[in-house]
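Student: Fold the following and give me the result.
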Amino acid sequence: MTAYLANKRPKLLLIGANGQVGWELRRTLASVGEVIAASLEGEYGPAIDLLDAAALAQLIETTQPDALINAAAYTAVDKAESDRATAQRLNADAVGEMGALLAQRGTPIIHYSTDFVFSGHLGRPYTEADTPDPLNVYGETKLNGERALLDSGAPALIFRTSWVYGARGANFLLTMRRLFQERDELRVVDDQIGSPTWSRMLAEITAQVLYRVLRGEVDLAQVGGLYHLSGSGQVSWYEFAQAIREASGAQTHLIPIPSSEYQAPATRPTFSVLNNQRFQETFGLAMPDWRLSLAQCFEELRG
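Tutor: Residues are numbered from 1 along each chain as shown. Predicted coordinates:
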């Protein structure tokens with residue numbers, strides 16, 4: 001891939017700019033190029049409804065980006081079970097359309113996927129070579145999006161991540177902090193294991209990789225494709241809740257329960273830890289241990 005001219009500041013089209021990862025990307029990508037922050041509401045830049053294929057094509061045609069970063073997704077895991085069409089459209093069809101439009105221009109795209117493409121039955125951290133076998137509609141549609149983007153021929157990086165949390169949006173960390181103020185006792189699932197990932201760290205690493213791509217230091221024709229990128233280490237939801245309680249100074253009593261006691265429309269994987277080795281070896285970067293990231297996130301929350 002040709003590097004951008006030294007005197008040119010690249011235009012970066014960020015889709016999903018108001019989500020928890022997108023919000024962090026608006027900050028981290030600013031050091032890489034001019035960020036065009038698109039979202040459904042149009043709060044920070046152009047408004048874009050990914051249900052509208054024509055509007056997506058028009059946005060890309062109008063902005064003529066040097067790279068696209070897609071942080072938009074249908075992430076309501078339980079709701080997706082009864083809203084497959086919308087989940088498929090946002091998580092798969094629109095992603096394939098982005099790829100097709102960018103392939104014509106040779107424009108790179110970075111897209112995020114999920115550990116939920118796996119069932120969790122393997123019993124060890126998943127590598128990119130492991131066969132996906134999602135248990136729910138959310139995982140199925142995210143997998144469809146991965147395949148559509150890879151089939152499009154666009155220069156692409158797909159980062160599968162897991163258990164994303166941060167200081168903004170709807171996530172486990174913020175839910176627990178709220179519940180600690182409202183309840184004296186909480187029941188939390190203890191037989192689902194994964195790797196919490198701080199949205200800011202995900203955005204920081206994305207910016208570093210994209211900088212190298214645009215400088216021509218990373219050739220997506222050689223190293224493009226699918227990578228696992230999540231926080232290091234592994235923990236259950238119950239243990240994660242314990243760590244959040246400790247950092248919050250809360251006194252709420254936590255009770256570990258099996259998934260069978262937590263009635264939810266969508267089945268979750270029991271062990272969806274991702275192996276990040278391929279990403280680390282390719283880009284020379286590594287995500288820190290989840291405990292360190294959680295501590296840093298709490299520093300931000302305390303102001």
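Student: Now T206: closest residue in space that isn't a chain neighbour?
Tutor: Spatial nearest neighbour of T206, excluding adjacent residues (Cβ to Cβ, 6 or more residues apart in numbering): I110 at 6.1 Å. (Glycine included, C-beta is placed from N, CA and C.)
Student: State whether that neighbour is indeed within a strand.
Tutor: Yes - checked against DSSP: H, G, I helix; E, B strand; the rest coil, I110 lies within a strand.
Student: For it, name its beta-bridge partners.
Tutor: Residues in a beta bridge with I110, per DSSP bridges, are I69, L157.
Student: Could you find the residue nearest the spatial middle of this protein?
Tutor: Y112 (4.5 Å; Cα atoms, centre = their mean).
Student: For stretch 207-225, which outside residues touch it?
Tutor: 1-4, 10, 12, 25, 28-29, 31-33, 66-67, 69, 108, 110, 128, 150, 155-158, 282-283, 285 (Cβ atoms under 8 Å, 6 or more residues apart in numbering).
Student: from these, which would you call buried?
Tutor: 1, 4, 10, 12, 25, 28-29, 32-33, 66-67, 69, 108, 110, 150, 155-158, 283 (16 or more other Cβ atoms under 10 Å).
Student: Next, check the residues you listed against the helices and list the overlap.
Tutor: Among the buried ones among the contacts of stretch 207-225, the members falling in helices are L25, T28, L150, F283 (criterion: DSSP state H).
Student: Which other helices and strands does the helix or strand containing R291 contact?
Tutor: R291 is part of helix 290-301 when elements are defined by DSSP states H and E. With contacts taken as 3 or more Cβ pairs under 8 Å, 6 or more residues apart in numbering; DSSP states H and E, helix 290-301 sits against helix 172-182, strand 197-198, helix 199-215, helix 237-248.
Student: could you redo the last one with a cut-off of 10 Å?
Tutor: strand 164-165, helix 172-182, strand 197-198, helix 199-215, strand 235-236, helix 237-248 (3 or more Cβ pairs under 10 Å, 6 or more residues apart in numbering; DSSP states H and E).
Student: I'd like the distance from P196 to L210, if you could.
Tutor: 23 Å (Cβ to Cβ, to the nearest Å).
Student: more crowded one of the two?
Tutor: P196 (28 against 24; other Cβ atoms under 10 Å).
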